[in-house]
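K.L.:
have a look; sequence and predicted model below, questions after that.
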Amino acid sequence: MNIAQQLCREFQLQPKQVINTLQLIEQGATIPFIARYRKEKTGDLEDARIRELVKRFTYYKELDDRRDTVLKSIGAQGKLTASLENRIHRTIDKTELEDLYAPFKPKRATRAGRARQAGLETFADWLYGLEQSRADVQGNAKKYINQEKKILSTEDVIHGAQDILAERLADDARNRGWLRRVMMKRGILKSSVRKTAAGEKTKYEMYYDFQEKLASLSSHRILAMFRGEREKVLVLHLLYPQEETIRYLDSVFIKRPDAASSSILRKAVRDGLDRLLAPAIETEIRRQLKERAEDEAISVFGENLKELLLAPPAGQIPVMGIDPGFRTGCKIAVCSRTGKFMEHQTIYPNDPHNDTVKSSQVLFRMLDKHRIELIAIGNGTAGRETERFINGCLKVVDRDVRPVVVMVSEAGASVYSASEAARREFPDFDVTVRGAVSIARRLQDPLSELVKIEPRSIGVGQYQHDVNQQKLKALLDAVVEQCVNAVGVDANLASEEILKYVSGLNRTSSRNLIEYRQKNGAFHARRDFLEISGWGAKTFEQAAGFLRIPGVSNPLDDSAVHPERYGFVKMLADHLGKTVQELIDQPFLLRTLDKEDFISEEIGMPTIEDIFEELEKPGRDPRETFRYAVFSEDIQNVSDLAPGMILEGVVTNVTKFGAFVDIGVHQDGLVHISELSDRFVDDPTKFVKVGQVIKVKVVKVDLELNRISLSIRALSREQS
């Protein structure tokens, strides 16, 4: 097949866009680089579009490889007709290709296979083609009795022929396609409770007697039902219009309903359907359902992760991080404006110690010594209790601007604390101290800190342990890569963990950058990157535009303008009679220029617009302004909640069925999809996002199950 032509049709793109994009990928260009710096070649395709294009290209390449294998296999059997070959060449679907191959695919020992070995295929062919109503079926069957092959009677002969015909019916591509379409369109997935779990109170109770059409079944229900089946709580059945299916198969398989063989053929149809065709298609559909649900869940996870990584940073200010605890105390770690670790201490303000005097003394000393502006407290065990203690201490702080206390999600902090990266950075520290450092840095720059944690451990997914882990990792890595390159990285401060996601870099080239920095000091210009061991022209080309060097002589080195376009910027400055620095200091000068005057064969309008936009705000951070949730001091536990309360919270997770919100009681509440808005909500991510600070109304509190139901819709109705 012509893959480029197929991709043009599928994505509604021009041939040049597809061919150029695929050529750039083949040449080793990264998707962030292509999307940002090769817009003329791609026709301004966004990175998500490029990823999908590459994904489909890979699919069609695999399809072509499989097609070759199938054609060779059928050809070697001497069964490749011109019609079949044409159908195989025309298909653009892997499932259809396997349907066409099914009759010729080598199989393990089957009943039909044993019947063929016994020489019964000729008799089966005769039965199938029989159009006479008075033919002597029994008499013809006697000819095929074979004692050596253990075909001892005419019944054995007929049963063997039925097995051959049943397999033939089940392997027919048209029958498989028809039943697959019927099941997907009208099939129903039914779940019931296993006898061994009946009467038990489990999280799968709503599925004890549940059924829904496959066409409308949501991803979270599919994954929940499959997990319930895997945990031996539920039994699942796929229901489909069986009588209608039998009528259809009879009509296409039995040529003459009044033929002498018709009753045998009808038995073959029912056997082929029940024993072979329906189970095979059900297995396929269950796999397709799971893949569809996984893809949706992975997509939701990716969206949530993107919002979390791009959460507004507090910026370069001194931050105190606190990993709260009761018996083991609260670990405090201070980070400087640049995130450098300064000091750590342990205080014991909570039960069972309640050493508030000494704890406050330590706190005041550290606040004054490091001029702390923000205090980040982990939202786990003892978080609210510690927050209450800290706020009580701050009331007597004699300073014009008191430090602000912010509750920070601890999700994944323990994973980072025990990781190799944390051990390399703080080899002599306890895991809780490392956790306190991570909590502090999460406020300063969430992206730089969260990239150190395995994305699957950050806790913003939906059934992340039930989905294909390889696909999940690939998508989450792509999301992290997209976020890192969208924001840019300070080459003089970046860790190995964030550098490895920069376009064109990997763990080795990232380590080489850090080793060069440690040996030679801070970078003074992007051209210094060419001195790094193992960095050639290709690595420099792919990475340089995403690495920033603040405070150096060339202001473009702290911008998203690629070094290959520095000459273009200088030409703009010369045209205006200014230096590059003056051009950046006086961005209004750019508005006096007509961009079209500068279009050339090398540089088109998309790149020119990007450069003009960057020169107006060089090194701009695409993330929003820092904001935090303020939890009510009177609400500490779930038992403190009551219906009707209006509280501020922060969205911690968004799923297909709603959003989870932290309102400061150690248990996230759920805003069900029906409570997100007065308008119809088909996709919760269109209404809320992870990290967003929102107001919610408490609708219901279930202390027994520790569940909190929240609403945004009820709040908006009251306000209107």
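P.N.:
That came through fine. Numbers count the residues shown, from 1 in each chain.
K.L.:
so how far is Trp126 from Met381?
P.N.:
Careful, residue 381 is Thr and not Met. Using CB to CB, to the nearest Å, one obtains 77 Å as the distance from Thr381 to Trp126. (Each C-beta comes from the backbone N, C-alpha and C, glycine too.)
K.L.:
Arg66 now?
P.N.:
35 Å.
K.L.:
same question, Gly302
P.N.:
When distance is defined by CB to CB, Gly302 is 58 Å away from Trp126.
K.L.:
which of those two has more neighbours?
P.N.:
The neighbour comparison of Gly302 against Trp126 (other CB atoms under 10 Å) goes to Gly302, with 21 against 16.
K.L.:
now do the strands in the stretch 551-700 of the chain.
P.N.:
Here the stretch 551-700 of the chain has its strands, by DSSP state E, counting those that start in this stretch, at 646-655, 658-662, 669-672, 693-702.
K.L.:
which residues touch the second one?
P.N.:
Applying CB atoms under 8 Å, 6 or more residues apart in numbering, the external contacts of strand 658-662 come out as 379, 407, 409, 629, 649-654, 668-673, 675-676, 684, 687-688, 694, 696, 710.
K.L.:
partners of it in the sheet?
P.N.:
Here strand 658-662 has these sheet partners by DSSP bridges: strand 646-655 (antiparallel), strand 669-672 (antiparallel).
K.L.:
dump the ones you listed into CSV; add distance to Glu624 and mean neighbour count as well.
P.N.:
Shown next, in CSV, are the strands paired with strand 658-662 (distance: least, CB to CB, whole Å; neighbours: other CB atoms under 10 Å):
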stretch, distance to Glu624, mean neighbour count
strand 646-655, 14, 22
strand 669-672, 21, 23
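K.L.:
hmm, back to that, go through the strands of the stretch 551-700 of the chain and name the closest to Gly325.
P.N.:
Among these, strand 658-662 comes nearest to Gly325, with 18.9 Å by CB to CB.
K.L.:
orientation of the closest one relative to strand 693-702 in degrees?
P.N.:
Between strand 658-662 and strand 693-702, the angle comes out at 100 degrees (axes from the mean of the first three to the mean of the last three CA atoms, to 10 degrees).
K.L.:
can I get strand 658-662 in PDB? Just the C-alpha atoms.
P.N.:
Extracted in PDB, the C-alpha atoms of strand 658-662 (Å, rounded to 0.1, in the frame of the first residue of the first chain):
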ATOM      1  CA  GLY A 658     -15.900  13.300  37.400                       C
ATOM      2  CA  ALA A 659     -13.200  15.100  39.400                       C
ATOM      3  CA  PHE A 660     -11.600  14.500  42.800                       C
ATOM      4  CA  VAL A 661     -11.000  17.500  45.000                       C
ATOM      5  CA  ASP A 662      -8.800  17.900  48.000                       C
END
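K.L.:
and that strand, average pLDDT?
P.N.:
Averaged across strand 658-662, pLDDT comes to 95.
K.L.:
relative to the whole chain's centre, how far out is that strand?
P.N.:
Here strand 658-662 is found 19 Å from its chain centre; the criterion is CA atoms, centre = their mean, to the nearest Å.
K.L.:
list the buried residues of it.
P.N.:
If you call a residue buried by 16 or more other CB atoms under 10 Å, then strand 658-662 has these buried ones: Gly658, Ala659, Phe660, Val661, Asp662.
K.L.:
just put the strands of the stretch 551-700 of the chain in a markdown table and tack on distance to Pro257.
P.N.:
A markdown table is the format used below for the strands of the stretch 551-700 of the chain (distance: least, CB to CB, whole Å):
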| stretch | distance to Pro257 |
| --- | --- |
| strand 646-655 | 53 |
| strand 658-662 | 54 |
| strand 669-672 | 54 |
| strand 693-702 | 61 |
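K.L.:
among those, which comes closest to Arg168?
P.N.:
Ranking the strands of the stretch 551-700 of the chain by proximity to Arg168 (CB to CB) places strand 646-655 first, at 45.5 Å.
K.L.:
chain center to the closest one: distance?
P.N.:
Centroid separation for strand 646-655 versus its chain: 21 Å, with CA atoms, centre = their mean.
K.L.:
what's it in contact with?
P.N.:
Counting contacts by CB under 8 Å, 6+ apart, the residues outside strand 646-655 that touch it are 220, 300, 303-304, 307, 409, 411, 459-462, 628-632, 635, 659-664, 668-669, 684-685, 688-698, 710, 715.
K.L.:
next, count neighbours for the residue nearest to Val698 when sequence neighbours are not counted.
P.N.:
Closest residue to Val698 apart from its sequence neighbours, by CB to CB, 6 or more residues apart in numbering: Met645 at 4.3 Å. Residues lying near Met645 (other CB under 10 Å) number 17.
K.L.:
if we can go back for a sec, okay, the strands paired with strand 658-662 in CSV with mean pLDDT next?
P.N.:
Shown next, in CSV, are the strands paired with strand 658-662 (pLDDT from 0 to 100):
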stretch, mean pLDDT
strand 646-655, 94
strand 669-672, 96
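K.L.:
quick one: whichever strand or helix holds Asn485 to chain centroid distance?
P.N.:
In the assignment (DSSP states H and E), Asn485 maps to helix 469-487. Its chain's C-alpha centre lies 8 Å from the corresponding centre of helix 469-487 when counted by CA atoms, centre = their mean.
K.L.:
same question for stretch 123-132.
P.N.:
With CA atoms, centre = their mean, you get 54 Å for stretch 123-132.
K.L.:
picking that back up, list buried residues within the contacts of strand 646-655.
P.N.:
Buried among these (16+ other CB under 10 Å): 220, 300, 303-304, 307, 409, 411, 459-462, 628-629, 631-632, 635, 659-664, 668-669, 684-685, 688-692, 694, 696-698, 710, 715.
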